[in-house]
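Visitor: please find the sequence and the predicted model below.
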Amino acid sequence: MAYDDFDARRPAGRHHNPAPVAIKILIAGGFGVGKTTLVGALTEIQPLRTEEELSGPGTSIDMIVGVEGKRTTTVAMDFGRITISGGLVIYLFGMPGQERFWFMWDDLSHGALGAVVLADVRRLADCFPAIDYFEHRSTPFVVALNCFPGTPRHGVDEVRKALDLDAHVPIVACDARERGSCRDTLVTLVDHAIALVDTAAKAPSPSGSPL
Ligand SMILES: Nc1nc2c(ncn2[C@@H]2O[C@H](COP(=O)(O)OP(=O)(O)O)[C@@H](O)[C@H]2O)c(=O)[nH]1
Ligand SMILES: [Mg+2]
């Protein structure tokens, strides 16, 4: 076989280091909900950030109600990396939340395993576009309620109803500044994505015939 032939020609004593398996995870949600903060809390490398000062014209276009204290905005994306082991790497892509940057979402989401949709319960409607987007693309996602100080506590059922979310979509609480909390959120997403694959594999094929 061709591969045997290739192995035979490899210099003796040199280890074959296969390229790491890469998983892409998206961080989405409305403006000022904590996407840049979450990527920064998790990444092992200096995060790639595309922050710019909020300009006067920008504040009249973007929905800044409820986040008046915010001085900068992500104008392209956030990018971070987590190495789980030598052979597994997670790449985090923070998607820009403002409507005028939604044209980038298709490119950023290409090949993603799934998404964390961050939400602020005081501005829940801001995450509707991201939820609609992932639902339509059948991309696995979880909703993570970012716990800002003074955030009213809402039950999971209440939030699920307000967001009109399917029963199987996980809703978790997180603190985007806390690495452990963000890690738990990613674990929930990966578990959810695996469960969806298992469910799909067990489902009968549309024709009713076994796969
Ligand atoms: N108290 C608190 N502040 C947060 C949290 N997450 C983000 N922030 C702050 O909220 C502001 C907006 O966060 P940012 O990550 O820029 O939001 P983005 O627009 O979604 O990227 C920043 O000033 C953060 O420091 C959180 O979990 N708790
Ligand atoms: Mg940002």
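Guide: Done, it's in. Residues are numbered from 1 along each chain as shown. Ligands and ions are numbered 1, 2, ... in the order given.
Visitor: just checking, next helix/strand downstream of the helix or strand bottoming out on mean pLDDT in the chain?
Guide: For the chain, using mean pLDDT, DSSP states H and E, the weakest element among its helices and strands is helix 2-9, scoring a mean of 45. Using DSSP states H and E, the helix or strand that follows helix 2-9 towards the C-terminus is strand 21-29.
Visitor: contacts for that next one next, please.
Guide: The contact list for strand 21-29 (C-beta atoms under 8 Å, 6 or more residues apart in numbering) reads 35, 38-39, 78, 87-95, 97, 105, 108-109, 111-119, 126-127, 130, 133-134, 139, 141, 186, 189-190. In this view, the C-beta of every residue, glycine as well, is placed from N, C-alpha and C.
Visitor: filter those down to the ones near ligand 1?
Guide: 35, 97 (C-beta under 6 Å from any ligand atom).
Visitor: low-confidence stretches in this structure?
Guide: 1-16, 48, 50-52, 54-71, 74-76, 206-211 (pLDDT under 70).
Visitor: what about the strands in it?
Guide: Remark: strands assigned in the chain by DSSP state E are 21-29, 51-53, 72-74, 78-85, 88-94, 114-119, 141-146, 171-174.
Visitor: ok, residue 119 touching residue 144?
Guide: Yes - counting by C-beta atoms under 8 Å, residue 119 touches residue 144, with 7.0 Å between them.
Visitor: residue 122 and residue 152: what is the separation?
Guide: 7 Å (C-beta to C-beta, to the nearest Å).
Visitor: okay, those two: which has more neighbours?
Guide: The neighbour comparison of residue 122 against residue 152 (other C-beta atoms under 10 Å) goes to residue 122, with 13 against 6.
Visitor: can you select the buried ones among the contacts of strand 21-29 for me in ChimeraX?
Guide: Buried residues within those, by 16 or more other C-beta atoms under 10 Å, are selected in ChimeraX with:
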select :35,38,39,78,89,90,91,92,93,94,95,97,105,108,109,112,113,114,115,116,117,118,119,126,127,130,133,134,139,141,186,189,190
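Visitor: what comes up buried for stretch 143-163?
Guide: 143, 144, 145, 146, 147, 148, 154, 159, 160, 163.
Visitor: quick one, phi/psi of the residue nearest to the fifth one when sequence neighbours are not counted?
Guide: Put plainly, it is residue 147. In this structure, residue 147 finds its nearest non-sequential neighbour in residue 175, 5.2 Å apart by C-beta to C-beta, 6 or more residues apart in numbering. Dihedral pair for residue 175: phi -120, psi 110, per degrees, to the nearest 10.
Visitor: what's the burial count for residue 175?
Guide: The burial count for residue 175: 19, using other C-beta under 10 Å.
Visitor: name all residues that make contact with it.
Guide: 146, 147, 181, 182.
Visitor: show me what the longest helix seen in the chain is packed up against.
Guide: For the chain, the helix that runs over the most residues, judged by DSSP state H, is helix 179-202. Helix 179-202 sits against strand 21-29, helix 35-42, strand 114-119, strand 141-146, strand 171-174, with contacts defined as 3 or more C-beta pairs under 8 Å, 6 or more residues apart in numbering; DSSP states H and E.
Visitor: quick one: closest of these to residue 200.
Guide: For these, proximity to residue 200 was assessed by C-beta to C-beta; strand 114-119 is nearest, at 13.8 Å.
Visitor: need the contact partners of that closest one.
Guide: 25-30, 33-35, 38, 109, 126-127, 130-131, 134, 139-146, 159, 163, 174, 176, 185-186, 189-190, 192-193.
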